[in-house]
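# Sequence and computational prediction follow.
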Amino acid sequence: MRLCQCFFIAGVLLTLSLKAQNKQILYDFNEIPQSLSVNPGVESDFKWYAGVPMLSGISGYGGSNAISINDIFANDGIDINIKFRERALDVLTPKDELSTTIQMEYLSGGFRSENPNIFYSFGGYLEFDNIGYWPQDYAYLLFDGNADQLGRRYDLGDLKVRGSLVNVFHFGINKRIDRNLTVGARGKLYSAIADYSSSTNNGHLSNVEGQNNLIATNLNADLLLRTSGLRSLRDANNDDALGNEIISRALFGGDLGLGVDLGFTYHLSERTTVTGSLLDVGFIYHSGDSKSYSLKGNTSVEGIEIDVLENFASLDRDFWQELVDEIEEVVPFETDTKGYVSFRPTKLYASIRNDFGEPVGNGGSQNCDCTAGSSGGGELRTKYRNSFGGQLYMINRPRGPQMALTGFYTRRIGNALAFKGTYTVDKFSKTNIGLGMNLQAGPVNFYVMADNLLSYNNIAATNYTSFQLGLNIISWGRK
Amino acid sequence: MKMVRILTLIMVGLLLVTSCSEEQDFDQLDDLTITPDYETSIFYVKAQETLINRVEGLDFFTQDFNFDAFEEPFFANRVLAGVLTYELENTTSKPIEIRLEFLDEAENVLDTEVFSMDPAPTAILQRDVAYGATGKSLDIIKATSEIRLTAINLGDNSSESTLQDPAIVLRSSAQFTLDIR
């Protein structure tokens, strides 16, 4: 497959939006250490844990609310030009998005302080985010052009795309304030490998009836593309040193930033719990290898215009070049290398949970002290076999906040096995059923989660899919 | 532990059994065509009757204009077909002939369009000239570097039209189909 095809497919799959993954199954699944990553204030009961390098947490996510791979690439005998027009060009709008997030945790661990109420966690992960919306009017300009469209305004603000590849180091503190309240905070240090953003575009392009000539082409543009790290990666790729450059930029050789995660768990009653977390409140300052491209200005062009009487003495001028120069002067295309700040996509989680059924441990299949609070040395918080509740997820996006609502049911089978089923409604799907499993085999902890299970009979036709899996070693110590 | 193993097997098995995908053919991209039509004005020339009256001889105006738009590689390498639309308006009291010659870089004449206009009052003349499969050769467009405009007064040098701001006006636009992919 040719490189351009790969880029096109990648474009179709990745272009349309930046949306970080909603980890609704992992959230408040506090048997899994990685639940700390979505709520640093989760109730934890581990003495220590260590994630298996590169396997402690891998998650991927790809989603579009309006189109699937199958819509375009199904081997169904229909001309791809017809499919593309009927299922993409004439259907998608600038509100439709395609987004991808891939996270790979390469270091993960945690240990309890001498003060049993305090638990420290640390780690690092690589995160690739891409967010884009369907650039409707750009697509029409590209596929149809502007001919015979007198008066139609092509909105140049339709282009909104943002993406980054970031290495994140984090260190967090989780503290049980009392029997009912646990809070947590995690500091993050971002080392950005690459970043690109074009999300503040404005303007329009239109053809109208000219005052002098047949057509006046109006351009009002305020376009900006900011990049960082791309030149370094390109140069390194040319020198066959791409791997070294990525590692260098990931280990503080790139653009640096700071962030914080906050979270809490609060028991309203013995069986009712509320939680909340705010993640990635942070920024990155891009300065080392930043380059910005802008096109800004306003002009109306009716071609070369010559009034012979007015220009009689200077008709030897190069009118074409003058026209080009005039356009470039009033709508300059400029580049600069000034640094810029990008903000991380901040996420908000909240949940309410009700526990019911028999307490785990009383008749469970194992008798370890693996219930929340058991390592703390304080009063034990009973864990029940069943939980149900609701979760809210929000993320800030280039076109405003986006949210998802989740209902869940958790079933614990002894202390060794737990399942969590979810039903999530968001703009991607109204039939998103997810299932997660946590298996505790002695000190070995394994979890796997998958979303949108109903789509698995034809995964290419789904608008949304995600997965998470991980492997940890956990110790609860001895009381 | 036996139950754990059973449940794990059930879950993995369920995913393996139910997870499948219809056949996808990414090579279809070879068949995707992108051939948009773009449209814009090209040039506008206005010569007032007062000027025409001042210039003696038939050719009251001859001028070569640099016009590199068609030579730009992005355009020349992708153009599939096109139509140049001309609109000529004569509000002077004279019959006028306009000659448009398309020249290459060596100033060889590639093509000529001739417009003859009766004196005012006369209707606006509109002409579409196609290039490509159904018209003239596209090579004319691709090689055009200059446009020579010649205006010939076939009348006198003294009469004046009673219309407001009498002049000969040439308007033009172009519509081209490009092969982007």
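Noted; the coordinates are in hand. In this text, all values refer to a predicted model and were calculated from it rather than measured experimentally.
# what sits against the closest residue to residue B:150 other than its chain neighbours?
Residue nearest to residue B:150 in three dimensions, not counting chain neighbours: residue B:99, with 4.2 Å by Cβ to Cβ, 6 or more residues apart in numbering or on different chains. In this view, the C-beta of every residue, glycine as well, is placed from N, C-alpha and C. When the contact criterion is Cβ atoms under 8 Å, 6 or more residues apart in numbering or on different chains, the partners of residue B:99 are B:112, B:113, B:114, B:115, B:148, B:149, B:150, B:151, B:152.
# any idea what the third one is structurally, helix, strand or coil?
The three-state label for residue B:114, taken from DSSP: H, G, I helix; E, B strand; the rest coil, comes out as strand.
# So which residues of the chain form helices?
No chain in the question, so chain A it is. Counting by DSSP state H, one finds helices in chain A at the ranges A:3-14, A:69-73, A:80-84, A:136-143, A:230-238, A:242-248, A:319-330.
# other chain: chain B
B:2-18, B:49-54, B:73-76, B:138-143.
# Present the helices of chain A as JSON lines; the columns should include distance to residue A:260 and mean pLDDT.
Shown next, in JSON lines, are the helices of chain A (distance: least, Cβ to Cβ, whole Å; pLDDT from 0 to 100):
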{"stretch": "helix A:3-14", "distance to residue A:260": "28", "mean pLDDT": "38"}
{"stretch": "helix A:69-73", "distance to residue A:260": "37", "mean pLDDT": "79"}
{"stretch": "helix A:80-84", "distance to residue A:260": "44", "mean pLDDT": "88"}
{"stretch": "helix A:136-143", "distance to residue A:260": "37", "mean pLDDT": "94"}
{"stretch": "helix A:230-238", "distance to residue A:260": "28", "mean pLDDT": "89"}
{"stretch": "helix A:242-248", "distance to residue A:260": "26", "mean pLDDT": "87"}
{"stretch": "helix A:319-330", "distance to residue A:260": "44", "mean pLDDT": "92"}
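# from the contacts of residue B:99, which would you call buried?
Among those, those classed as buried by 16 or more other Cβ atoms under 10 Å in any protein chain shown are B:115, B:148, B:149, B:150, B:151, B:152.
# Between these, which sits nearest residue A:180?
Nearest to residue A:180 among these, counting by Cβ to Cβ, is residue B:149 at 88.0 Å.
# Touching, that closest one and residue B:67? I think so.
No: using Cβ atoms under 8 Å, residue B:149 is not in contact with residue B:67; the gap is 10.5 Å.
# out of the buried ones among the contacts of residue B:99, which are inside strands?
Judged by DSSP state E, strands contain the following of the buried ones among the contacts of residue B:99: B:115, B:148, B:149, B:150, B:151, B:152.
# contact partners of stretch A:270-279?
With Cβ under 8 Å, 6+ apart as the test, stretch A:270-279 has contacts from A:27-28, A:38-42, A:261-268, A:346-356, A:382, A:384.
# Produce a PyMOL select command limited to the buried residues of the residues you listed.
To isolate the buried ones among the contacts of stretch A:270-279 in PyMOL, judged by 16+ other Cβ under 10 Å, type:
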select buried, chain A and resi 27+28+38+39+40+41+42+261+262+263+264+265+266+267+346+347+348+349+350+351+352+353+355+384
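# Out of the contacts of stretch A:270-279, which are close to chain B?
With the criterion set as Cβ under 8 Å from any Cβ of the partner chain, no member of these is near chain B.
# Counting only strands, which of the contacts of stretch A:270-279 make the cut?
A:261-267, A:347-356, A:384.
# For the residue of chain B found nearest chain A, list the residues it contacts.
Across chain B, no residue is closer to chain A than residue B:36, which sits at 3.2 Å (Cβ to the nearest Cβ). Counting by Cβ under 8 Å, 6+ apart, residue B:36 makes contact with A:141, A:142, A:143, A:144, A:145, A:147, B:177, B:178, B:180.
# Out of those residues, which end up buried?
Counted by 16+ other Cβ under 10 Å, the contacts of residue B:36 give A:141, A:143, A:144, A:145, A:147, B:177, B:178 as buried.
# Pick out the most distant pair among the residues you listed.
Farthest apart among the buried ones among the contacts of residue B:36 by Cβ to Cβ are A:141 and B:177. That separation is 14.0 Å.
# Sketch out the low-pLDDT regions of the chain for me.
Assuming you mean chain A. A:1-21, A:53-66, A:361-380, A:456-466, A:477-479 (pLDDT under 70).
# You answered for a different chain; I wanted chain B.
For chain B, applying pLDDT under 70 flags the ranges B:1-22.
# So which residues of it form strands?
Using DSSP E, the strands of chain B run over B:37-48, B:59-66, B:79-90, B:96-103, B:109-117, B:125-131, B:146-153, B:167-178.
# Look up the closest residue to whatever residue of the stretch 1-150 of chain A ends up closest to chain B, ignoring the ones flanking it.
Among all residues of the stretch 1-150 of chain A, residue A:145 sits closest to chain B, at 3.2 Å; criterion: Cβ to the nearest Cβ. Spatial nearest neighbour of residue A:145, excluding adjacent residues (Cβ to Cβ, 6+ apart): residue B:36 at 3.2 Å.
# for residue B:51, same thing?
Spatial nearest neighbour of residue B:51, chain neighbours left out: residue A:309 (4.9 Å); criterion: Cβ to Cβ, 6+ apart.
# since we're on that neighbour, how many residues are nearby?
15 (other Cβ atoms under 10 Å in any protein chain shown).
# Next: residue A:394.
Residue A:394: 16 surrounding residues under other Cβ under 10 Å.
# I figured it hits residue A:405, correct?
No: in this structure residue A:394 lies outside contact range of residue A:405 using Cβ under 8 Å: 10.1 Å.
# about what we covered before: now the buried ones among the contacts of residue B:36 as TSV including distance to residue A:74?
Output for those, formatted as TSV (distance: Cβ to Cβ, whole Å):
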residue	distance to residue A:74
A:141	27
A:143	20
A:144	24
A:145	28
A:147	32
B:177	29
B:178	29
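# quick one: stretch A:78-96 to chain centroid distance?
Chain-centre distance of stretch A:78-96: 24 Å, with Cα atoms, centre = their mean, to the nearest Å.
# can you tell me the distance between the two ends of it?
By Cα to Cα, to the nearest Å, the extent of stretch A:78-96 from end to end equals 24 Å.
# List the contacts of it.
By Cβ under 8 Å, 6+ apart, the residues outside stretch A:78-96 that reach it are A:16, A:64-67, A:71-73, A:133-137, A:139-140, A:143, A:155, A:158, A:160, A:399, B:28-29, B:31-33.
# Comparing the helices of chain A, which comes out most buried?
helix A:69-73 (a mean of 20; mean count of other Cβ atoms under 10 Å in any protein chain shown).
# which other helices and strands contact that helix?
Under the contact criterion of 3 or more Cβ pairs under 8 Å, 6 or more residues apart in numbering or on different chains; DSSP states H and E, helix A:69-73 touches helix A:3-14, helix A:80-84.
# What's the local residue count around residue 47?
Let's take chain A. Residue A:47: 20 surrounding residues under other Cβ under 10 Å.
# Hmm, no, I was thinking of chain B.
Residue B:47 has 25 neighbouring residues, counting by other Cβ under 10 Å.
# Sounds good, over and out.
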